[in-house]
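[1] Here is a sequence together with a model predicted from it:
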Amino acid sequence: MIHHLDIAVTDLARSEVFYTLALEPLGMTLVARNEANSQGGTTIGFGPASSDPLFWIRSDPPPSGRVHVAFAAASPAAVCAFHANALSAGGSDNGSPGFRHRYGDGYYAAFVLDPDGHNIEAVYREPGQVRAVAWPFKR
């Protein structure tokens with residue numbers, strides 16, 4: 001089980017606004033700020049209000065290539081709200097909300113590119129649906 005994940009962003013203030021708005025419909029808020037991390041910079045952590053941060057952003061040159069992070073959503077409405085909020089916060093559409101049957105039955109998701117081009121997804125799985133997916137992934 002993953003405890004947390006962090007990604008590098010080029011403009012921490014811009015990404016803080018983006019992720020604060022985009023993750024709110026998924027029940028995640030800014031829960032931690034570390035002004036002096038081990039590399040001497042700032043990291044910002046998001047998660048449920050009363051938990052450790054699950055997702056961190058830090059100011060650093062991003063890795064070559066993009067990162068893909070998928071967040072669980074409680075409902076299709078939360079997926080739609082994530083997508084709308086992310087677009088209003090400066091993200092780019094990378095897949096409107098809808099079913100992605102090629103990922104498995106009941107897989108409802110939306111994709112956005114964050115300000116650094118990372119592919120950020122919100123996904124809702126209908127209860128009781130098969131989790132198997134065809135390989136390789138194709139969106």
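    Great, that's in hand.

[2] CA atoms for contacts and neighbours, from now on please.
    OK.

[3] Bridge partners for the spatially most central residue of the chain, pull those for me.
    With distances taken as C-alpha atoms, centre = their mean, Ile120 lies nearest the centre of the chain, 4.4 Å away. For Ile120, the beta-bridge partners are Val69, Val112 (DSSP bridges).

[4] thought it was touching Ala70?
    Yes. With contact defined as C-alpha atoms under 8 Å, Ile120 counts as touching Ala70 (6.0 Å).

[5] Would you map the strands across the chain?
    All strands of the chain, identified by DSSP state E, fall at 5-9, 29-34, 43-47, 55-59, 68-72, 92-99, 107-113, 119-125.

[6] tell me what the second one is packed against?
    Applying 3 or more C-alpha pairs under 8 Å, 6 or more residues apart in numbering; DSSP states H and E, one finds that strand 29-34 makes contact with helix 12-23, strand 43-47.

[7] Export that strand to PDB, keeping only CA atoms.
    Listed next in PDB are the C-alpha coordinates belonging to strand 29-34 (Å, rounded to 0.1, in the frame of the first residue of the first chain):
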ATOM      1  CA  THR A  29      -7.300  19.600   1.300                       C
ATOM      2  CA  LEU A  30      -3.900  21.200   2.000                       C
ATOM      3  CA  VAL A  31      -2.900  19.600   5.300                       C
ATOM      4  CA  ALA A  32       0.800  20.300   5.600                       C
ATOM      5  CA  ARG A  33       3.500  22.700   4.500                       C
ATOM      6  CA  ASN A  34       7.100  22.100   5.100                       C
END
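
[8] Mind listing the strands it pairs with, and their directions?
    Strand 29-34 has these strand partners (DSSP bridges): strand 43-47 (antiparallel).

[9] Residues contacting the partner strand, please?
    16, 20, 27-37, 53-59 (C-alpha atoms under 8 Å, 6 or more residues apart in numbering).

[10] Can you say which of those residues are buried?
    16, 20, 28-32, 53-59 (16 or more other C-alpha atoms under 10 Å).
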